[in-house]
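Student: Need coordinates for the following:
(chains A and B)
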Amino acid sequence: MALGKIKADTLEHSTAGTVDTQYVVSGSSKAWACFVQAASHTFHGSLNMSSLTDSGAGFSVVNYTNVFVNDDYASPGLGGKGGARLYLDSVGDAGKSASAMQLYMANTSGTGTDADDVNISCLGDLA
Amino acid sequence: MTDTPQFQGTHLFDRLCWAKENLDGVQSDYRVVYEDSVDECAKILVPDPNWMACALQGGILPPVQVYWELAKDEAKEGFTKHTRGYLMHNTKPVEAMTEEQALEYLIMKDCPQHVWRDWDSGNKPKLVICRKEQLPATREWRNAWKISEELATDETVAA
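Tutor: Modelled structure (predicted):
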């Protein structure tokens, strides 16, 4: 790969100590997405996503390009819609695999509702 | 046009980071509508703009068969973690695709295999590629959307 490369196991601050670069590698988001469900169901920004599946009102699936090593990755997120209180549901373990994750935006009654803005970040190990 | 570095052997995630920095995203007008269960509404696959840029650029994405192999591994009983991730990184990347070819690749990657392998076996197609303007203008009754019964499983589908 014809790109510049710096190899280092640790980063050292002049006064505040050192940090293992593995912290940076392991702690960085490996996939993220910002997308809209209402109207168009499209990505506004992303990394390591191949597609978004609109599976119904409030219901989406994000598909990864570089799959994770398994489904034990963390995926904090938030989403919302002006004028409505919504919550983001991961649909449980069955909705998550190494290659994709389901998301469900619902109102306080549990009814699927399209959000104006959904944001997720996935932290874990890639395959 | 930016030249793609020789990426075979480079971790796929590193290639995606390179692409995000060097390529402009491409918002596709195409959508893939499919039904994978008679009890559920039609689903709509939307390509990611950064992924589409990679597909059009060429030399970045692994062959789609790599994902089938990984899916087979994950479907095995007792699966705990992928051990053949190297297939994504070491297999020769695919050449530049047209947008239509990229859609076909994406269907074979992200739609269930039972949908696209026999998409035309029933009374109506289980999968249709369309432009986003052909979808309903509003999301009213979204959970009742189905592929039109008027579509036939012959050559007129793509007309």
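
Student: which stretches of the chain form helices?
Tutor: Since you didn't name a chain, this refers to chain A. Assigned by DSSP state H, the helices in chain A fall at A:21-27.

Student: wrong one, I was asking about chain B
Tutor: Using DSSP H, helices in chain B cover B:12-22, B:49-57, B:64-75, B:86-90, B:99-110, B:113-116.

Student: Of those helices, which stretch is the most buried?
Tutor: Looking across these with neighbours counted as mean count of other Cβ atoms under 10 Å in any protein chain shown, the highest average goes to helix B:49-57: a mean of 23. From N, CA and C alone the C-beta is placed, and that goes for glycine too.

Student: Give me the neighbour count for the closest residue to chain B within chain A.
Tutor: For chain A, the residue closest to chain B is A:Ala127, as judged by Cβ to the nearest Cβ, at 3.1 Å. By the criterion of other Cβ atoms under 10 Å in any protein chain shown, A:Ala127 has 25 neighbours.

Student: Strands of chain A, start to end?
Tutor: A:10-12, A:18-20, A:31-36, A:42-47, A:49-56, A:59-64, A:77-80, A:86-89, A:100-107, A:117-122 (DSSP state E).

Student: distance between the ends of stretch A:111-123?
Tutor: Terminal residues of stretch A:111-123 lie 28 Å apart, using Cα to Cα, to the nearest Å.

Student: any idea of the pLDDT on A:Leu86?
Tutor: With respect to pLDDT, A:Leu86 scores 86.

Student: Which other helices and strands does the helix or strand bottoming out on mean pLDDT in chain A contact?
Tutor: When the helices and strands of chain A are scored by mean pLDDT, DSSP states H and E, helix A:21-27 comes last with a mean of 82. Packed against helix A:21-27 by the contact rule (3 or more Cβ pairs under 8 Å, 6 or more residues apart in numbering or on different chains; DSSP states H and E) you find strand A:10-12.

Student: residues contacting B:Thr98?
Tutor: Applying Cβ atoms under 8 Å, 6 or more residues apart in numbering or on different chains to B:Thr98 gives the contacts B:Leu56.

Student: what do you get for A:His44?
Tutor: By Cβ under 8 Å, 6+ apart, the contact set of A:His44 is A:34-36.

Student: Number of residues surrounding B:Gly25?
Tutor: If you count neighbours by other Cβ under 10 Å, B:Gly25 ends up with 16.

Student: need the contact list for it.
Tutor: With Cβ under 8 Å, 6+ apart, B:Gly25 has these contacts: B:49-50, B:52-53.
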